[in-house]
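Asker: output the structure for:
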Amino acid sequence: MTSLPLVDPELRPLLDAWPTVMLTAESLAALRARALPLPPAPDGGVDLERHRIAGPSGAPDVSLHIYRPRDTSGSLGCIYHIHGGGYVGGAAKELEVVHRPLAAALNCVIVSVDYRLAPETVFPGAIEDCYAGLVWTVTNADDLGIDVTRIGVMGESAGGGLAAALALMSRDRGGPALAFQHLTYPMIDDRTCVGEPHAHAGEFIWTPHNNRFGWTALLGHEPGGDTVSPYAAAARATDLAGLPPTFIMTGALDLFVDEDIDYARRLIGAGVPTELHVHPGAFHGFDLLPGPGVADRAQAMRIEALRRALR
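Answerer: The predicted model follows:
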């Protein structure tokens, strides 16, 4: 059985531009080299600075890409962004075409972090890199022109998983207070590898096979056991109280749809203001290219939610 008849017809060309591949140790390098056919990044009146900061104790430095609208003054809200890539791929530099116009549209600073990838670095390397970058951003907020009361975390896919884990870590360590967490089809539960998602989930882009590869690479062992930390898989957290207001967006055909809906439900039950959108006919990464109506509507919802969160 295939879920193709359920895919929004306007999204089908994306499946041709970005065909599903089976992720293995042998194909990982090719996956990392693969790029979507995105247009060149416009300047957009936004400056980009790159900083190398001290990483976690005993670890390499962490790279941050910092975007700030050029013709602004005073302190701005800040999105601390974590890129996706299944914990095994992706890079901050790949999102310049997204971050420049977003910083301009929202009149905010965007700090995008490059964390160490699996399987070369297993948990907790990536989340500790993200935490180090967040602490540095808050510590240097005055120099960066950032309002520390308006800093939130954002990420897509594995980046959404790291953003959710970072919100938990910052809460538990008494670290920076976050104004929001903005999670797009977040990869937050390793137990999806050993459970059964609904019958139409995960056929395209990010499959159950690829999910197991990504989680095994991150954890350094098979997923689904009893000892996985919530700072690796945020859905493992038993206490969600005190987390920042949350926006979650996913697709009805995304492998992560069940875990994302469940996380939203649990956040609501913990008293966390939570907004959830499930887009019909949408698979993992459906919003990466503009044009399809469902993708454009999803992006408009995301931007409006970010605009409210940054006030």
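
Asker: can you give me the helices for the stretch 1-150 of the chain?
Answerer: For the stretch 1-150 of the chain, the helices defined by DSSP state H, counting those that start in this stretch cover 12-17, 28-33, 96-106, 125-139, 141-144.

Asker: tell me which of the ones you listed sits most buried.
Answerer: Neighbour counts (mean count of other Cβ atoms under 10 Å) averaged over each of those peak at helix 125-139, with a mean of 22. Yep, even glycine has a C-beta here, placed from its N, CA and C like the rest.

Asker: restrict it to CA atoms and write it as CSV.
Answerer: Only the C-alpha atoms of helix 125-139 are listed here, as CSV (Å, rounded to 0.1, in the frame of the first residue of the first chain):
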residue,chain,number,x,y,z
GLY,A,125,27.7,16.2,22.1
ALA,A,126,25.1,17.9,19.9
ILE,A,127,22.8,19.2,22.7
GLU,A,128,25.8,20.4,24.8
ASP,A,129,27.0,22.4,21.7
CYS,A,130,23.5,23.9,21.4
TYR,A,131,23.4,24.8,25.1
ALA,A,132,26.9,26.4,25.0
GLY,A,133,25.7,28.5,22.1
LEU,A,134,22.6,29.6,23.8
VAL,A,135,24.4,30.6,27.0
TRP,A,136,27.0,32.5,25.0
THR,A,137,24.2,34.3,23.1
VAL,A,138,22.5,35.4,26.4
THR,A,139,25.8,36.4,28.0
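
Asker: that helix - contacts with which helices or strands?
Answerer: In terms of contacts (3 or more Cβ pairs under 8 Å, 6 or more residues apart in numbering; DSSP states H and E), helix 125-139 is packed against strand 46-53, strand 62-69, strand 76-82, strand 109-114, strand 146-156, helix 158-173.

Asker: okay, the helices of the stretch 1-150 of the chain in a markdown table with distance to residue 51 next?
Answerer: Output for the helices of the stretch 1-150 of the chain, formatted as a markdown table (distance: least, Cβ to Cβ, whole Å):
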| stretch | distance to residue 51 |
| --- | --- |
| helix 12-17 | 33 |
| helix 28-33 | 23 |
| helix 96-106 | 15 |
| helix 125-139 | 8 |
| helix 141-144 | 9 |
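
Asker: now render those helices as CSV, adding mean pLDDT.
Answerer: Shown next, in CSV, are these (pLDDT from 0 to 100):
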stretch, mean pLDDT
helix 12-17, 90
helix 28-33, 90
helix 96-106, 96
helix 125-139, 98
helix 141-144, 97
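
Asker: which residues touch residue 150?
Answerer: Contact analysis of residue 150 by Cβ atoms under 8 Å, 6 or more residues apart in numbering lists 76, 77, 78, 179, 310, 311.

Asker: just the buried residues of those.
Answerer: Among these, those scoring as buried are 76, 77, 78, 179, 310 (criterion: 16 or more other Cβ atoms under 10 Å).

Asker: next, residue 39: phi, psi?
Answerer: phi -70, psi 160 (degrees, to the nearest 10).

Asker: grab the nearest non-local neighbour of it.
Answerer: Excluding its sequence neighbours, the residue lying closest to residue 39 (Cβ to Cβ, 6 or more residues apart in numbering) is residue 97, at 6.4 Å.

Asker: would you confirm that the one you found contacts residue 40?
Answerer: Yes - counting by Cβ atoms under 8 Å, residue 40 is a contact partner of residue 97 at 7.1 Å.

Asker: mind checking pLDDT for residue 196?
Answerer: Residue 196 carries a pLDDT value of 84.

Asker: count of neighbours near it?
Answerer: 9 (other Cβ atoms under 10 Å).

Asker: which helix or strand contains it?
Answerer: Using DSSP states H and E, residue 196 sits within no helix or strand.

Asker: just to revisit the earlier point, in a markdown table: the contacts of residue 150, plus pLDDT and distance to residue 53.
Answerer: Below are these laid out as a markdown table (pLDDT from 0 to 100; distance: Cβ to Cβ, whole Å):
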| residue | pLDDT | distance to residue 53 |
| --- | --- | --- |
| 76 | 98 | 20 |
| 77 | 98 | 21 |
| 78 | 98 | 15 |
| 179 | 98 | 22 |
| 310 | 98 | 23 |
| 311 | 94 | 28 |
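
Asker: can you redo these as a markdown table with distance to residue 256?
Answerer: Listed next are the contacts of residue 150 as a markdown table, based on distance: Cβ to Cβ, whole Å:
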| residue | distance to residue 256 |
| --- | --- |
| 76 | 31 |
| 77 | 27 |
| 78 | 26 |
| 179 | 24 |
| 310 | 25 |
| 311 | 29 |
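
Asker: ok so, going back, quick one: closest of the helices and strands packed on helix 125-139 to residue 271.
Answerer: Closest to residue 271 of the helices and strands packed on helix 125-139, according to Cβ to Cβ: helix 158-173, at 13.5 Å.

Asker: what packs against the helix or strand following that closest one?
Answerer: Per DSSP H and E, helix 158-173 leads on to strand 181-184 as the next helix or strand towards the C-terminus. Applying 3+ Cβ pairs under 8 Å, 6+ apart, one finds that strand 181-184 makes contact with strand 146-156, helix 158-173, strand 246-251, helix 293-309.
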